[in-house]
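Asks: pasting the sequence and the predicted model now:
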Amino acid sequence: MKIMPCPVNGPRNIAEFVCGGEVIVPPDPDACDDAAWAEHLFMRTNAAGVVREWWYHVPTSFWFIAERNTVTDDIVRTYLPDEIFGTERTPHREPGRA
Amino acid sequence: MPFGLLKYGLSGRYPAKRLLPQPAELKSSYDVVIIGAGGHGLAAAYYLAKDYGIKDVAVLDKGYLGSGNVGRNTAIIRANYLTPEGVAFYAESLRLWRGLSNEFGLNILYTERGHLTLAHSDASVRTMRWRAEVNRHLGVDSEVIFPREIAELAPALDVSEAPRYPILAALYHPPGATARHDAVAWGYAAGAAARGVEIHPCTEAVDILQESGRIAGVVTNRGTVRCRRALQAVSGWSSLLAAKAGFRLPIQTVPLQACVSLPLKPFLDPIIVSGSLHTYIWQSQRGECVMGGATDPYGLYTSRSTLDFKEGLMAHVLQLFPCLAEVTVLRQWAGICDLTPDFSPVMGETPVPNYYIDAGWGTWGFKATPVCGKRLAEAIATGQVPDLLRPFRLSRFTEFRQVGEKGAASVGH
């Protein structure tokens, strides 16, 4: 069994998780043209090596970020999205806020 | 008998024939360089030499000949797709498959055994009807059949109401076939080599050379080869090579695992596929059940095997064939696949002029080997991408004109 260390739920069977793909910052949909939007929707870096991806723990509906190596199948590090996007983008993690 | 055999083996009258010539020295330039000596790359080289007389061709591979997915797939051939573009394309492939053994002078064990795609829900019965209508409209033999007829074709299959997902109907595709996949690579390689094509194993493309915006050559671990035209056909490594040529692809590289059982007496004639159960199974000429399922749940560049895959697959196989409960797995393997978001391949031109691509074959590339090679050879030789390949161009993604084959291309969804 492969273990995914979830930053909230701890080490769990990787079968409980879904991979959400590369962490990419979307372009502004009102400002960008069709080509840039298509690039954002479909084109992927698909790197061989350490990648940074969104992962989702299905039973608890929790999204986080995992860095893992696509050549060795090792999980390097997992953490909350706050680390990249700041707490502004994930208000549900802030105690005392809605 | 043993003495007769010994005499036969030791006499000089029947020397062992070498299928392929020894690899030559790598020249400094070729007309066409093909990166990837898998089924598609070798087929393209073969048809370039045979149909267009273009023989100054080098096929490079970082491993040995046929070390990639041409020897790792589960060897199923069919044309019962969903979109008109897909059906027309695979129907031409079926026509080419039928003549290959004769063309090569090498038996590729092409065997039409019939192909059953099972439906376990009303929604999938509807999709099967849709596929049958599209298929028949384009001259491909497909029909929807029901449990009594399914049981006649595959008596070992559990068609009762007992399983959790009983079988309601099936899409029956009589021309569905299998072939010996290694022999396909050997046949194309030998045919291409006999016409003057050079095949260079252990020659890795390290970089793509461009001059004034056009392809100029390929840098390899054995030196630089210049060329006028090039084709990349490297399955799971497509994104990495394309990045060296300076463009991105809509591809995620994901492993696909498969396995075979111990050999059994012949009990299963047709190929059985269940999309809902993520399972396919057929019995090889050696008696082994060849079994596969969905791709791995996340992207990787490694062909490792997992217990999760086998547990999940076997649970589903036993729903279809409870009689296999005592049968053990003999061997297992994996290949790395290049999946596109619309489950259709990427073929034809790239942003780099005269640099052609054959990628995005995900889990369904083996059956397309002949047509893909033939039509890409046409594109490379004439500079015109044939109409049959146009729907699968890379630029379809920026034009938002995808060819959605998710309903028929694979069991992994």
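Replies: It's in.

Asks: backbone torsions only: list them for residue B:381.
Replies: phi -70, psi -40 (degrees, to the nearest 10).

Asks: contact residues of chain B facing chain A?
Replies: B:239-240, B:243, B:248-253, B:297-302, B:304, B:306-308, B:341, B:397-398, B:400 (C-beta under 8 Å from any C-beta of the partner chain). C-betas here are computed from N, CA, C, even on glycine.

Asks: filter the residues you listed down to the buried ones and hand me the ChimeraX line.
Replies: In ChimeraX syntax, the buried subset of the residues of chain B next to chain A is picked out as below (16 or more other C-beta atoms under 10 Å in any protein chain shown):
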select /B:239,240,248,249,250,251,252,253,297,298,299,300,301,302,306,308,341,397,398
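
Asks: pull the contacting residues for residue B:30.
Replies: B:56, B:57, B:58, B:198, B:225, B:226, B:227 (C-beta atoms under 8 Å, 6 or more residues apart in numbering or on different chains).

Asks: how about CSV for those residues, with neighbour count and pLDDT added?
Replies: Formatted as CSV, these follow (neighbours: other C-beta atoms under 10 Å in any protein chain shown; pLDDT from 0 to 100):
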residue, neighbour count, pLDDT
B:56, 17, 97
B:57, 26, 97
B:58, 26, 97
B:198, 21, 97
B:225, 22, 97
B:226, 15, 97
B:227, 22, 97
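
Asks: could you work out the most separated pair of those residues?
Replies: B:198 and B:226 (14.3 Å; C-beta to C-beta).

Asks: quick one: the residue in chain A sticking out farthest from the centre from residue A:40, how far?
Replies: Note on chain A: the largest C-alpha distance from the chain mean falls to residue A:33, namely 25.5 Å (C-alpha atoms, centre = their mean). From residue A:33 across to residue A:40, the span is 11 Å (C-beta to C-beta, to the nearest Å).

Asks: over to residue B:17?
Replies: Noted for residue B:17: a distance of 55 Å to residue A:40, by C-beta to C-beta.

Asks: the more surrounded of the two?
Replies: Neighbour count, other C-beta atoms under 10 Å in any protein chain shown: between residue B:17 and residue A:40, residue A:40 has more, with 14 against 6.

Asks: need the contact list for the more buried one.
Replies: So residue A:40 contacts A:24, A:26, A:27, A:32 (C-beta under 8 Å, 6+ apart).

Asks: can you do 10 Å?
Replies: A:24, A:25, A:26, A:27, A:29, A:32 (C-beta atoms under 10 Å, 6 or more residues apart in numbering or on different chains).

Asks: next helix or strand past the helix or strand harbouring it?
Replies: Assigning secondary structure by DSSP states H and E places residue A:40 in helix A:34-42. Counting by DSSP H and E, the next helix or strand C-terminal to helix A:34-42 is strand A:50-57.

Asks: and that following strand, what does it pack against?
Replies: strand A:3-6, strand A:17-22, strand A:62-69, strand A:74-79 (3 or more C-beta pairs under 10 Å, 6 or more residues apart in numbering or on different chains; DSSP states H and E).

Asks: between those, which one is closest to residue B:312.
Replies: strand A:17-22 (15.2 Å).

Asks: got the angle for that closest one vs strand A:50-57?
Replies: With axes from the mean of the first three to the mean of the last three C-alpha atoms, to 10 degrees defining the directions, strand A:17-22 sits at 140 degrees from strand A:50-57.

Asks: which parts of strand A:17-22 are buried?
Replies: So, applying 16+ other C-beta under 10 Å, buried residues of strand A:17-22: A:17, A:19.

Asks: what lines up beside that strand in the sheet?
Replies: strand A:50-57 (antiparallel) (DSSP bridges).
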